[in-house]
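S.K.: Here is my input; please provide its structure:
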Amino acid sequence: MNLLLRKAHLILFIFLLLWQNRIAPGYCAQNRLLPTQTELTYLLSIDEDTWKSYRVSITLDANRRDRIIFVMPNWLPGTYRRMDFCNQITNFKAYGEKGTELEFEKLQSNIWSVVTKNFQALRIIYDIQMSEHGFMGKTINPNGALIMGPSVFMYVEDHTHLPITARFRVPQNWRIATSLTPSQYIYEYLAENYENLVDSPVMMGRFQDYFFNFDEKTITITMNRATGFNIDQFLVMIRKIVAFQTALFNESPFETYIFIFNIFDEIECNEGIGHYSSSTYNLSSALLKTDTKSPARLIAANFFKLWNGIRIRPESNFPDNYNHGVHSNSLWFIDGVTSYYADLTLVRSALWSAEQFLENQARQIKLLQENQNRLVYNLEQASLNACQSNFSVNQISHIQKGHLIGLLIDLKIRSITDNRRSLDDVMRFMNWWFAKTGTEFTNDDIQRAMGAIVYYDFDEFFDRYIRGTAELPYSELFAAAAINITLSDTVGPDLGKIIIRDKTNRVMILEKDGPLEIAGLQEGDHLVSIGIKHVDCNDDINNAVAGMKIGNIVSINATRKGKPLRLKAKVRAKNIVDCQLQLMTQPSPTQLQLRNNWLGSNTP
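M.R.: Numbering: from 1, shown residues only. Here you go, the predicted model:
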């Protein structure tokens, strides 16, 4: 390697070491003294008559403006989906001192302008409707409620930096679980600013708590019920995930952390999202009953986001813009590499076997190789398009390809350093360099960090596989870990990508210009049957399509706004890839050592 380049990498690495004790301030309220009185107060109450809505009150003291703008977010960070929460707001009103009603104007669907009449204090109120099992928003019923802040709380334009008092008016005997800082009063909490408020989900109701201390920090597991599955095994699983990931980064970047679980009978899949010092989940009771570890990968990914995505943050992702979403060409790193580390967490913690790990890597390869657009859109484009594409197969998934890029980079680093370095070192480097200094990173920074750790020029790799669309070098890099890969192609039937959710079979994602959309199906419709098969879940769709013949016309029954739809769709051909990853039977000592260090286990 060029001597000047090696010196530059060495200087960068030494500079990093000199910065290791510098800790950047974050918004985490757990580590900061918050004021007991604030200019902004939020009050949330529940409609106990219908259990279908919340009422929100926002009070602003010390007003100095003649007009105040209130904005309802359009985005839920981490989902990359436009949510349009404003469509569920009713009864918006504004008041000044002594209950004086104030004039307001709705500037856009989610923006209200209030004329203050020079009142020093003013208050707005509004009602917001619930969704029955709305993880991407809010849930409410007589037994409890769960809110995700952006789906409920408006923000006050130019005031998002102010500390906030949050109060909750809930039924008698309900409790509250949240990572917000409790005040001296019951049902009252303090937030350092709006971001802290809405990035701290709130669970209310009757629930069970489990605690354990880790590295002198408190971990809380809160769930609405703990029956029908092995709770002890579930808690051990969480302990292992926390232990591995905090050891990986040599830190626990929180004073307390809370896992919030809602368990439902009516849902068929597990879903969750990570936050600054908590994570929130909707879990399927059927999946838990079958396999207590079914949400392990999801939990591992969300806990890893504590570092990669929340503290290690790319440009254009801090602070999240709740009105326009996130746009960054580095999302592949925070989402895709996080997905890869979720798998690594499970195999290194012995929650998965090596065979289970390889099986999931093969699945990721299969899905990417079946998408012909992998040769059209590069990874940076896929990251930038994440908010617009709605995870459609008309694009490629930045998470899916980013996962595989993370895996291949890990193997490449291990290979060229004789297993002395790995992607683990890069992640620790990124944590110290960017998270600890409060600096945002770019793709060029990722490349430089790798070069500083490995003393290797990654230009060609980034140009080919991240900025370019070349086929990924599976065979070459898997061979370093004594793993053979076999890819084969067949042709099978297809109706395009479709994902339904909840017990109403609501179409959540539908391939643009795919057979079903061409037939007239739309997102938001409710699927009833495909052909002669009634549909209750996504597996039913896959099984129905698998038995079809290419070119046939099939009947699609659905409903739209309560009215029946009878559609006809043509079955198209699809390239179906089979991927097999198998351990070599006679690996060399070098290959075996690399593989065992990589997977954290002894493999044959």
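
S.K.: what about residue 460, neighbour count?
M.R.: Counted with other CB atoms under 10 Å, residues neighbouring residue 460 total 9. C-betas here are computed from N, CA, C, even on glycine.

S.K.: name the element it belongs to?
M.R.: When elements are defined using DSSP states H and E, residue 460 is found to belong to helix 459-465.

S.K.: buried sites along that helix?
M.R.: Neighbour counts using 16 or more other CB atoms under 10 Å place 461, 462, 465 of helix 459-465 among the buried residues.

S.K.: Find me the pLDDT at residue 23, would you?
M.R.: pLDDT recorded at residue 23 is 34.

S.K.: Residue 50 too?
M.R.: 88.

S.K.: and it, that one's in a helix?
M.R.: No - with DSSP: H, G, I helix; E, B strand; the rest coil as the criterion, residue 50 is located in coil rather than a helix.

S.K.: returning to that earlier point: which of the buried residues of helix 459-465 sits closest to residue 340?
M.R.: Sorting the buried residues of helix 459-465 by how near they are to residue 340, with CB to CB, puts residue 465 at the top with 14.3 Å.

S.K.: For the closest one, give its distance to residue 376.
M.R.: Separation of residue 465 from residue 376 (CB to CB, to the nearest Å): 15 Å.

S.K.: And for residue 344?
M.R.: The gap separating residue 344 from residue 376 is 30 Å, by CB to CB.

S.K.: Residue 97 contacts residue 119, doesn't it?
M.R.: Yes - contact criterion CB atoms under 8 Å: residue 97 and residue 119 qualify, at 5.1 Å.

S.K.: Give me the distance from the helix holding residue 460 to the chain's centre.
M.R.: Relative to its parent chain, helix 459-465 has a centroid offset of 27 Å by CA atoms, centre = their mean, to the nearest Å.

S.K.: now the helices: where do they sit in the stretch 51-200 of the chain?
M.R.: Taking DSSP state H, counting those that start in this stretch as the criterion, the stretch 51-200 of the chain contains helices spanning 194-198.

S.K.: what about it, any weak spots by pLDDT?
M.R.: Within the stretch 51-200 of the chain, the set of residues satisfying pLDDT under 70 comprises 131-138.

S.K.: hmm, 80 instead?
M.R.: Counting by pLDDT under 80, the stretch 51-200 of the chain contains low-confidence residues at 76-83, 130-139.

S.K.: Over to the chain?
M.R.: Counting by pLDDT under 80, the low-confidence segments of the chain come to 1-38, 76-83, 130-139, 266-268, 316-326, 387-395, 501-503, 601-604.

S.K.: one more time with 70
M.R.: Scanning the chain with the threshold set as pLDDT under 70 gives 1-37, 131-138, 316-321, 325, 387-394, 602-604.

S.K.: Next up, the contacts around residue 533.
M.R.: With contacts taken as CB atoms under 8 Å, 6 or more residues apart in numbering, residue 533 has the following neighbours: 540, 543, 544.

S.K.: Would you mind putting the CA coordinates of the helix holding residue 460 into CSV?
M.R.: Written as CSV, here are the backbone C-alpha positions of helix 459-465 (Å, rounded to 0.1, in the frame of the first residue of the first chain):
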residue,chain,number,x,y,z
ASP,A,459,-12.0,2.5,-2.7
GLU,A,460,-12.6,-0.3,-5.2
PHE,A,461,-15.0,-2.1,-2.8
PHE,A,462,-17.1,1.0,-2.2
ASP,A,463,-17.0,1.9,-5.9
ARG,A,464,-18.2,-1.6,-7.0
TYR,A,465,-20.7,-2.6,-4.4
